[in-house]
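Novice: pasting the structure only:
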């Protein structure tokens, strides 16, 4: 599975310049491409709304939070979205390319797998960030 250069470029911009809050990726014609970019003011609800109910996706989310010691921090989450209602072949393609794609994105700190939105709720993200 090829990875379009734009995927790495946009990820670097999210990581270093913080001009995106999130990036959603999809596999199209045997390569991973950028599907949607969320601006720096986009909310977690905006991010959640990007996931189609019957199709798999990859995504990264730059999560800002405050620690118990009152320190501002940020962690980059990688989400592998694979809803139960998506086609078996699609799930297999996404599952088999996930690790290779993730290696292309240097700087991911938390890995999440989700089959429905409850598995990536904001409370779970906060818990995984701490």
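Specialist: Nice, thanks for sending it over. Quick caveat, the model's predicted, so the values are computed rather than measured. Numbering: from 1, shown residues only.
Novice: which parts of stretch 95-115 are buried?
Specialist: Neighbour-count burial for stretch 95-115, with 16 or more other Cβ atoms under 10 Å as criterion, is recorded at 97, 98, 101, 105, 112, 114, 115. In short, each C-beta sits where N, CA and C put it, glycine included.
Novice: cool, and stretch 12-25?
Specialist: 14, 15, 20, 21, 22, 23, 24, 25.
Novice: so can I have TSV of the residues you listed showing secondary structure and pLDDT?
Specialist: Formatted as TSV, these follow (DSSP: H, G, I helix; E, B strand; the rest coil; pLDDT from 0 to 100):
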residue	secondary structure	pLDDT
14	helix	97
15	helix	95
20	coil	97
21	coil	97
22	strand	98
23	strand	98
24	strand	98
25	strand	98
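Novice: Export these to CSV and append columns for distance to residue 124.
Specialist: Formatted as CSV, those follow (distance: Cβ to Cβ, whole Å):
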residue, distance to residue 124
14, 21
15, 22
20, 22
21, 18
22, 16
23, 20
24, 18
25, 21
